[in-house]
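Q: please work out how this folds:
(chains A and B)
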Protein chains: 2
Amino acid sequence: MALIVQKYGGTSLGSLDLIRQVAERVIQTRKREGHQVVVVLSAMAGETDRLIGMAGDISESPDPREVDVLISTGEQVSVALFCMAVRDLGFKARSLLGFQAKIITDNLYGRARIQDIDVTRIRDLLDRGNIVAVAGFQGFDERGNITTLGRGGSDTTAVALAAALEADVCEIYTDVSGVYTTDPRICEEARKLETVSYEEMLEMSSLGAKVLEIRSVEFAMKFGVPIHVRHSQTDEPGTLIVKEDEDMEHMIISGVVYNRNEARITVTKVPDKPGMAAAILSPVSNAGIIVDMIIQNTSIGSEDATDFSFSVPMNDFERAMRLVRDVAKEIGAEKVVGDDSITKISLVGVGMRNHAGVATKMFDALAKEGINILMISTSEIKISCVISDKYTELAVRAVHSAFGLDKE
Amino acid sequence: MALIVQKYGGTSLGSLDLIRQVAERVIQTRKREGHQVVVVLSAMAGETDRLIGMAGDISESPDPREVDVLISTGEQVSVALFCMAVRDLGFKARSLLGFQAKIITDNLYGRARIQDIDVTRIRDLLDRGNIVAVAGFQGFDERGNITTLGRGGSDTTAVALAAALEADVCEIYTDVSGVYTTDPRICEEARKLETVSYEEMLEMSSLGAKVLEIRSVEFAMKFGVPIHVRHSQTDEPGTLIVKEDEDMEHMIISGVVYNRNEARITVTKVPDKPGMAAAILSPVSNAGIIVDMIIQNTSIGSEDATDFSFSVPMNDFERAMRLVRDVAKEIGAEKVVGDDSITKISLVGVGMRNHAGVATKMFDALAKEGINILMISTSEIKISCVISDKYTELAVRAVHSAFGLDKE
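A: Sure, this is the predicted structure:
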């Protein structure tokens, strides 16, 4: 008998019928396979957005503490309905909200971090034969205030519970069948990966793959929780996310991911003297804007000036442009140019550590299609290129094929 | 500076605009009048029914514990939105759910009773200048399970909080202007009462007046909490419910109430021997059905048999009929006759204790209109008559006028 944590997302819980299907699926795991099951549920599809909409309608800048009180009702409704459905099918079930499951967080409303989980009560309920349904996405701080973990927080709840319970596996049920070599919607040859390492998944998540929330992967890596990403309506195995080891399939590259949600800002003719990068980026990061790629060339030739580029999330683009225009004047740069029609396309794979020529092969593949590279950045296990947005699909297919990801 | 508990019902919170209006009203009390305010809120109009509907759709007999987890979200949404609205208007506000306000109940899901309230945190928040919004209708048991207090439970939350906080007054805001001498919808001459005693209000609530939930009146009487029933959209004073004393307006009768929600069951020719009443009523009360009026005449004349009548809530009528038909056979009674077209009309007034002839005057008023009385029951401060349903309006007006309730 194993202990399994299963997490179901909002699209798997979009209606009462779907909730009933999830109940049946969980009972199968409990009954046929004889496992103890802790289920983590998101809000029903659309519910969180509906609640956030209400908050925005009643206040221009809704109080963060009260927003968490409001939106945590979404998961509360899900676990209650789920337990009713399970009991209706003749099995014992108990719902637990964040404070009842003793999920203790800091008090950063809307983006709280889990600090501790006391699983005594969950273990007790499991031992008495219950399926335990925990409301995802929510916790409480030491003074008893309700907190939420931010978008996708239910993944983190599930992994954190799996770690605290020392569960055998954390199954993330979603509307895709697993982790793919690239987005199947734009590349038909995309292939489902059997396994992927935590590090690769981390890169993929932070680079734009939307299968798993990045914090949940960090948590899983830290505590060594195996994650199994699966489709909620089929029985076929999905993708296992585990510690990198010698038994894993020996691919150089695991996947191609892309992110359309960034914009590029370029400051031209920045005086070539020390402190310019800091001068430009300080007001941006002081405003809480996360800067991703940063490119500065050494100035060559007679002009003692250089171009300085960086990328920011699309949401913060206008705000960042205003800040940088001000600073450009102060430091005597020429002008500020913004471009919000860019895509960052990235290659990820632990195998590239030991293989030379991966970057060159990627640049070649793009060049062959006539695609101009605007920015480049690399890490030990990934290479990212910023290109013009209109080439996204073409670039993904070209790179996917160049590395043979379409073949087993 | 006074401490005031204000309760707003679902119709006063039916939309975001109405919630904003309530926020403005509460701020007035806080600011203009300088009082500390604790606000108790119901779910937005229709929300509890919507949630109960979902429970009924997912399970034929939804688990009571999970129903409470589900429906308690209604009040949670209200307090969060309310606090956002208050803060948007520049005042400090804090929401507290049942477990955060430390409203401890027994564990009878769906009809829990408040056992204790620890107001330390509420006092602390008030002292720091907050308007405190407590989710009505909900509490938690000693193991941390969420409980609800049953329909109208927010009234009870408000009064219990007022008692625990030793508040100066508990204001119940609703969609009527106060307590009337009778239902203004069927009697134009109905007059709003300035004051009414706890005992009268108790009788009125239990006899069918829907202004206040009966448990809240019991609570207020027990702890001497003055209740002020007011309209949520006007500033005019409503009705004050207080301890009976000599300063109260000296009326013999305070009001005429009626209840259409009962049905009468008559067992004919019940053998006249000991134990028959118990034999008939035991299976009914064992089934959890509350019997209201019970009438048995001594048998007179040659036949050693009597007719036995009692009334039950309309919802339980069919079930009670089946139970009584079975027992009638066993004890050798003649037959069982049911009547669900009845109304109970009641006169309530503490003054009738010291006045003879009140009952006679009521019977006369009904007789003059040709209305037949089917059952009678009396207590120290009320007289109830069951009549045919079709005479309801006529009977209310006749009795209201006979006792001069239309005149100041």
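
Q: CA only for contacts and neighbour counts going forward, please
A: OK.

Q: end to end, how far does stretch A:326-337 reach?
A: Terminal residues of stretch A:326-337 are spaced 13 Å apart (Cα to Cα, to the nearest Å).

Q: what's it in contact with?
A: A:265-271, A:276, A:279-280, A:321, A:324-325 (Cα atoms under 8 Å, 6 or more residues apart in numbering or on different chains).

Q: now which of the residues you listed would you call buried?
A: The neighbour-count criterion (16 or more other Cα atoms under 10 Å in any protein chain shown) marks A:Ile265, A:Thr266, A:Val267, A:Thr268, A:Lys269, A:Val270, A:Pro271, A:Met276, A:Ile280, A:Met321, A:Val324, A:Arg325 among these as buried.

Q: in those residues, find the pair that's most separated.
A: Within the buried ones among the contacts of stretch A:326-337, A:Pro271 and A:Met321 form the most distant pair, 19.0 Å apart (Cα to Cα).

Q: B:Arg121 versus the residue nearest the centre of chain A, what's the distance?
A: A centroid search over chain A (Cα atoms, centre = their mean) returns A:Glu213, at 2.9 Å, as the residue closest to the centre. Look at A:Glu213 and B:Arg121: by Cα to Cα, they are 36 Å apart.

Q: that older thread, look up phi and psi at the residue nearest to the centre of chain A.
A: phi -70, psi 140 (degrees, to the nearest 10).

Q: quick one, what contacts it?
A: The contact partners of A:Glu213, taken as Cα under 8 Å, 6+ apart, are A:Gly152, A:Gly153, A:Asp155, A:Thr156, A:Ser205.

Q: got the contact list for the last one?
A: The reference is to A:Ser205. Residues in contact with A:Ser205 (Cα under 8 Å, 6+ apart) are A:Val211, A:Leu212, A:Glu213, A:Ile214.

Q: among these, which one lies nearest to chain B?
A: Proximity of those to chain B (Cα to the nearest Cα) peaks at A:Glu213, which lies at 26.4 Å.

Q: what secondary structure does whichever residue of the stretch 151-300 of chain A sits closest to chain B sit in?
A: Per Cα to the nearest Cα, A:Ser154 is where the stretch 151-300 of chain A lies closest to chain B, at 18.7 Å. Secondary structure state of A:Ser154, per DSSP: H, G, I helix; E, B strand; the rest coil, is helix.

Q: got the contact list for it?
A: By Cα under 8 Å, 6+ apart, the contact set of A:Ser154 is A:Lys7, A:Gly9, A:Val40, A:Leu41, A:Ser42, A:Ala135, A:Gly136, A:Phe137, A:Gln138.

Q: tell me the domain ranges of chain A?
A: Per automatic domain parsing, the domain ranges recorded for chain A read A:3-175, A:245-408.

Q: around chain B, pick out the residues from chain A.
A: Residues of chain A that fall close to chain B, judged by Cα under 8 Å from any Cα of the partner chain: A:16-17, A:20, A:54-55, A:57-63, A:66-67, A:69-70, A:73, A:76-77, A:80-81, A:83-85, A:87-88, A:94-95, A:100, A:144-145.

Q: where along the stretch 51-200 of chain A do the helices fall?
A: A:64-71, A:73-88, A:120-127, A:153-164, A:198-207 (DSSP state H, counting those that start in this stretch).

Q: can you get me a residue count around A:Gly238?
A: A:Gly238: 23 surrounding residues under other Cα atoms under 10 Å in any protein chain shown.

Q: kindly report the same for A:Phe91.
A: 17.

Q: do you know how far it is from A:Arg128?
A: 12 Å.

Q: hang on, the earlier thing: make TSV out of the contacts of stretch A:326-337 and add secondary structure and pLDDT.
A: Formatted as TSV, the contacts of stretch A:326-337 follow (DSSP: H, G, I helix; E, B strand; the rest coil; pLDDT from 0 to 100):
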residue	secondary structure	pLDDT
A:Ile265	strand	94
A:Thr266	strand	92
A:Val267	strand	92
A:Thr268	strand	89
A:Lys269	strand	89
A:Val270	strand	89
A:Pro271	strand	87
A:Met276	helix	85
A:Ala279	helix	89
A:Ile280	helix	91
A:Met321	helix	96
A:Val324	helix	95
A:Arg325	helix	95
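
Q: now the two most distant members of the residues you listed.
A: Greatest spacing in those, by Cα to Cα: A:Pro271 and A:Met321 (19.0 Å).

Q: residue contacts, A:Lys344?
A: A:Tyr258, A:Asn259, A:Arg260, A:Glu262, A:Ser384, A:Cys385, A:Val386, A:Ile387.

Q: circling back to that earlier point, what's the closest of the contacts of A:Ser154 to chain B?
A: Among the contacts of A:Ser154, and counting by Cα to the nearest Cα, the member closest to chain B is A:Ala135, at 11.1 Å.

Q: in the sheet, who's paired with that closest one?
A: Beta bridges link A:Ala135 to A:Leu41, judged by DSSP bridges.

Q: kindly report the same for the one 5 residues further on.
A: On DSSP bridges, the residues paired with A:Phe140 through beta bridges are A:Ile104, A:Ile146.

Q: list the residues that contact it.
A: Contacts of A:Phe140 (Cα under 8 Å, 6+ apart): A:Gly98, A:Phe99, A:Lys102, A:Ile103, A:Ile104, A:Thr105, A:Asp106, A:Asn107, A:Ile146, A:Thr147.
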